[in-house]
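Colleague: Need a 3D model of the sequence below.
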Amino acid sequence: MALPNDDGLGLKFPDAAEISDWARTYIKELVDAGILAGRAGGTLDPKGLITRAEFTKMAVLGLDLKAGAASKTFTDVKEGDWFKEFVDIASSAGVVQGVSETAFAPDRRITRQDLCTIVYRALQVLEV
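Modeller: This next block holds a predicted model:
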């Protein structure tokens, strides 16, 4: 029997009922692997948009990306930011770039174009 906030698969988010049926198993696997952790406040926000920082984290963890020679320094990615490690790994591997020479725009909603570019670069790095 499912517990409150539990969709029967063990997705214990207050908004788990909003997850499309076709996506439940995949989301469960991503949560179990630590690739998805939900948002502050404990929600998953399955119909929400994601940021550049959030997708960068998912790409690094999901594709097991490793750091390259040197990461770029972005003025809007600082020590102590939850996403700094992921941006450093992805930028040093050549998977992400900034929106300018000095800015990464971690809180900007990711576009389909940026998402596709990150995935393409990651697959090149992984030689897939």
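Colleague: Can you classify residue 22 by secondary structure?
Modeller: helix (DSSP: H, G, I helix; E, B strand; the rest coil).
Colleague: Isn't residue 104 up against residue 88?
Modeller: No - counting by CB atoms under 8 Å, no contact exists between residue 104 and residue 88, whose distance comes to 10.3 Å. From N, CA and C alone the C-beta is placed, and that goes for glycine too.
Colleague: neighbour count winner among these two?
Modeller: residue 104 (26 against 21; other CB atoms under 10 Å).
Colleague: how close does the more buried one get to residue 114?
Modeller: 11 Å (CB to CB, to the nearest Å).
Colleague: Next: residue 48.
Modeller: Separation of residue 48 from residue 114 (CB to CB): 17 Å.
Colleague: if you count what's nearby, which of those two comes out ahead?
Modeller: Each of residue 48 and residue 114 has its neighbours counted (other CB under 10 Å); residue 114 has more, 18 against 13.
Colleague: Same question for the helix or strand hosting that one: list its buried residues.
Modeller: Per DSSP states H and E: residue 114 is located in helix 112-125. For helix 112-125, burial by neighbour count (16 or more other CB atoms under 10 Å) applies to 114, 118, 121-122, 125.
Colleague: Which parts of this structure are helices?
Modeller: 24-32, 52-62, 84-92, 112-125 (DSSP state H).
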